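> Just need the structure, nothing else, for what follows:
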Amino acid sequence: MKSLKLSGIIISATLLAFGCGKSTETVETSEEMEVVQATGDTLSLDMDASKVNWRGYKPTGQHFGIIPVTDGSLTVEGSDIKAGNFTFDITHLEIHDKEEGTEDHGKLWNHLQSDDFFDAANHPQATFEITSISTFSDTDSVENEEQFESENTPKSSTEIAPDAPTHWISGNLSIRGQFVPFFIPKSLFLPVW
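I've put the predicted structure just below:
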């Protein structure tokens, strides 16, 4: 089994599940989709180098940090990703925009761990499993969602998406035990060997 390192941008796109999809599809919580079967070479993650970058927005500000990746692998044939899964540790989420040990840091961390947000006591892990991979065709597009404009408005889907995606990667993102199917362009998902 070979080992690979994933950079933060890879998984951040996965976990944040930005609102893009084929122009006729809507991203919403639904039933878990069937995971693709692994064929080819399996590459394990370098746990010390793999993490989820997260950023949360609100009308009056934003927060950011990382969530450690604790397990995962990709299956590839040549340069084609065939299957993959990743596990993220919500209980070790880090906040990088507030100084650790301060009251503000503690309040935000407790809120993110509470049942109002991630409910880490009952759901300490988030997972992502690839369900399908399809070619990004000339007729596909990344669509922006309408958002309330403020100085803290999140970047739009078209700002986050790569210039020339080659594939859609669909998957089951499970946070708080809820499965969220979504699509990301493959070029956001390149392993660093």
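> Tell me the buried residues in the helix ranked longest in the chain?
Determined from DSSP state H, the single longest helix within the chain is helix 103-113. Using 16 or more other CB atoms under 10 Å as the test for burial, helix 103-113 gives His105, Leu108, Trp109, Leu112, Gln113. Every residue, glycine included, has its C-beta placed from N, CA and C.
> Same question for stretch 113-129.
Quick answer for stretch 113-129 (16+ other CB under 10 Å): Gln113, Phe117, Phe118, Ala120, His123, Gln125, Ala126, Thr127, Phe128, Glu129.
> How about stretch 66-74?
For stretch 66-74, the buried set under the neighbour-count rule, 16+ other CB under 10 Å, comprises Ile66, Ile67, Pro68, Val69, Gly72, Ser73, Leu74.
> now swap in stretch 131-149 and tell me
Taking 16+ other CB under 10 Å as the criterion, stretch 131-149 shows Thr131, Ser132, Ile133, Phe136, Asp140, Val142, Glu143, Asn144 as buried.
> next one: stretch 40-51
Using 16+ other CB under 10 Å as the test for burial, stretch 40-51 gives Leu43, Leu45, Ser50, Lys51.
> Including distance to Thr87, secondary structure and pLDDT, could these go into a markdown table?
Shown next, in a markdown table, are those (distance: CB to CB, whole Å; DSSP: H, G, I helix; E, B strand; the rest coil; pLDDT from 0 to 100):
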| residue | distance to Thr87 | secondary structure | pLDDT |
| --- | --- | --- | --- |
| Leu43 | 15 | strand | 87 |
| Leu45 | 10 | strand | 83 |
| Ser50 | 10 | coil | 85 |
| Lys51 | 12 | strand | 85 |
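> Quick one: the residues you listed as CSV, columns for distance to Phe88 too.
Shown next, in CSV, are the buried residues of stretch 40-51 (distance: CB to CB, whole Å):
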residue, distance to Phe88
Leu43, 18
Leu45, 11
Ser50, 10
Lys51, 9
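> and Glu77, what pLDDT?
pLDDT for Glu77: 87.
> beta partners for it?
Under DSSP bridges, the beta-bridge partners of Glu77 are Asp80.
> Distance-wise, check it relative to Ser170.
Distance, Glu77 to Ser170, by CB to CB, to the nearest Å: 18 Å.
> and if you look at Ser156?
21 Å.
> ditto for Gly72
For Gly72 relative to Ser170 (CB to CB), the value is 17 Å.
> Strands of this structure, residue ranges please.
2-4, 41-45, 51-58, 61-77, 80-89, 94-95, 125-135, 167-175, 178-185 (DSSP state E).
> Just send the ones you listed back as CSV, with distance to Glu34 too.
Output for the strands of the chain, formatted as CSV (distance: least, CB to CB, whole Å):
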stretch, distance to Glu34
strand 2-4, 25
strand 41-45, 19
strand 51-58, 24
strand 61-77, 16
strand 80-89, 12
strand 94-95, 33
strand 125-135, 6
strand 167-175, 9
strand 178-185, 11
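> right, and the ones you listed - which one's nearest Glu149?
strand 51-58 (12.0 Å; CB to CB).
> Fine by me, thanks again.
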